[in-house]
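Visitor: Prediction below, plus the sequence it came from.
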Amino acid sequence: MDYLAARLVDGKLTGRPVEESVDLARIEKAVREILIAVGEDPDRDGLMRTPARVARAYAELFAGLRVDPGQVLTTAFEANHEEMVLVRDIEVMSLCEHHLLPFRGVAHIGYIPGDDGRITGLSKLARLVEVYARRPQVQERLTSQIADLLMERLQPHGVIAVLECEHMCMAMRGIQKAGAKTITSAVRGLFKRDAKSRAEAMTLIMAS
Ligand SMILES: Nc1nc2c(ncn2[C@@H]2O[C@H](COP(=O)(O)OP(=O)(O)OP(=O)(O)O)[C@@H](O)[C@H]2O)c(=O)[nH]1
Ligand SMILES: [Zn+2]
């Protein structure tokens, strides 16, 4: 099942399409207005169905607003693993909340399991990124939300989240600097207290 075309209810994915929970008609109306405002003819052939398409696209792109991120981390295993777990290069695609233009790049997420050795499924880290990324975002908040939820739900010794993204609002418009990468990090627990652990994680993250 396509995760983004579904909703999490009580920790289970339901087949309910995200379209059901956004006001498609209202988005359509707004997009039609935008087309008129920029000097286009919303009734010409190529644009006739655009407001409806954009509405469906937004329903998908903002699907994370209607998903409880905590539900993503319900699967945890007792593994007695006490060393760092790090998943690198998780694809990130989001929309900046200032311009509603995309920013994209990668996330690297690491954690050191807590005393109970509890770990989560690796895919859950990517799902967590997805839930928070599919909302109007700023990269800093996206980064800290990921770290904070992992700390809260997994109760590990520490979490580190590093995101490297390119923002289309800096590339396509405004200052027009394509290729500039923004790197944000959120360190929690042991990674914050212990420079050696943090350096070890950063070395693994930055290794190509
Ligand atoms: N900190 C942060 N800034 C962001 C992010 N995404 C976009 N921005 C910035 O948000 C700022 C909004 O600035 P404003 O001056 O209010 O808007 P603007 O006139 O469109 O700004 P310019 O992009 O400089 O033309 C810009 O500097 C963007 O580069 C993000 O994820 N984090
Ligand atoms: Zn922006």
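Guide: Yep, that arrived. Ligands and ions are numbered 1, 2, ... in the order given.

Visitor: What helix or strand is residue 151 located in?
Guide: Using DSSP states H and E, residue 151 falls within helix 139-154.

Visitor: Endpoints of stretch 155-172, how far apart?
Guide: Distance between the two ends of stretch 155-172: 41 Å, counting by C-alpha to C-alpha, to the nearest Å.

Visitor: and it with ligand 1, contact?
Guide: Yes. Taking C-beta under 6 Å from any ligand atom as the criterion, stretch 155-172 and ligand 1 are in contact, through 167, 169-170. (C-beta placed from N, C-alpha, C; glycine too.)

Visitor: circling back: and the helix holding residue 151, anywhere near ligand 1?
Guide: Yes. Counting by C-beta under 6 Å from any ligand atom, ligand 1 has neighbours in helix 139-154: 139-140.

Visitor: This protein - how does it break down into domains?
Guide: Under the assignment automatic domain parsing, the domains of the chain span 3-66, 70-206.

Visitor: Reformat those as a markdown table; add mean pLDDT.
Guide: As requested, the domains of the chain are exported to a markdown table (pLDDT from 0 to 100):
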| stretch | mean pLDDT |
| --- | --- |
| domain 3-66 | 84 |
| domain 70-206 | 95 |
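
Visitor: re earlier: what comes into contact with the helix holding residue 151?
Guide: Among residues not part of helix 139-154, those counted as contacts by C-beta atoms under 8 Å, 6 or more residues apart in numbering are 69-70, 73, 76, 92, 94, 96, 103, 107, 109, 111, 113-114, 118-120, 125, 128-129, 132-133, 156, 159-163, 165, 167, 182, 184-189.

Visitor: make it 6 Å
Guide: Outside helix 139-154, the residues that touch it by C-beta atoms under 6 Å, 6 or more residues apart in numbering are 69, 73, 111, 120, 128, 132, 159, 161, 163, 165, 182, 184, 186, 188.

Visitor: Out of those residues, which sit inside helices?
Guide: Secondary structure of the contacts of helix 139-154 is defined by DSSP state H; positions in helices are 128, 132.

Visitor: Quick check on the contacts of helix 139-154: which are buried?
Guide: With neighbours counted by 16 or more other C-beta atoms under 10 Å, the contacts of helix 139-154 contain buried members at 69, 73, 111, 120, 128, 132, 159, 161, 163, 165, 184, 186, 188.

Visitor: quick one, what contacts the residue lying farthest from the centre of the chain?
Guide: Each residue of the chain has a distance to the centre, and by C-alpha atoms, centre = their mean the biggest one is for residue 44: 35.4 Å. Shown in contact with residue 44 (C-beta under 6 Å, 6+ apart): no residues.

Visitor: Look up how far residue 62 lies from it.
Guide: Going from residue 44 to residue 62 by C-beta to C-beta, to the nearest Å gives 27 Å.

Visitor: next one: residue 192
Guide: For residue 192, the distance to residue 62 - C-beta to C-beta - is 32 Å.

Visitor: surely residue 111 meets residue 157?
Guide: No. Residue 111 is beyond contact range of residue 157, at 7.9 Å (criterion: C-beta atoms under 6 Å).

Visitor: in the chain, which spans are strands?
Guide: With DSSP state E applied, the chain shows strands at 7-9, 12-14, 76-78, 85-96, 102-112, 118-120, 136-137, 158-167, 182-189, listed in chain order.

Visitor: That concludes my questions; thank you for your assistance.
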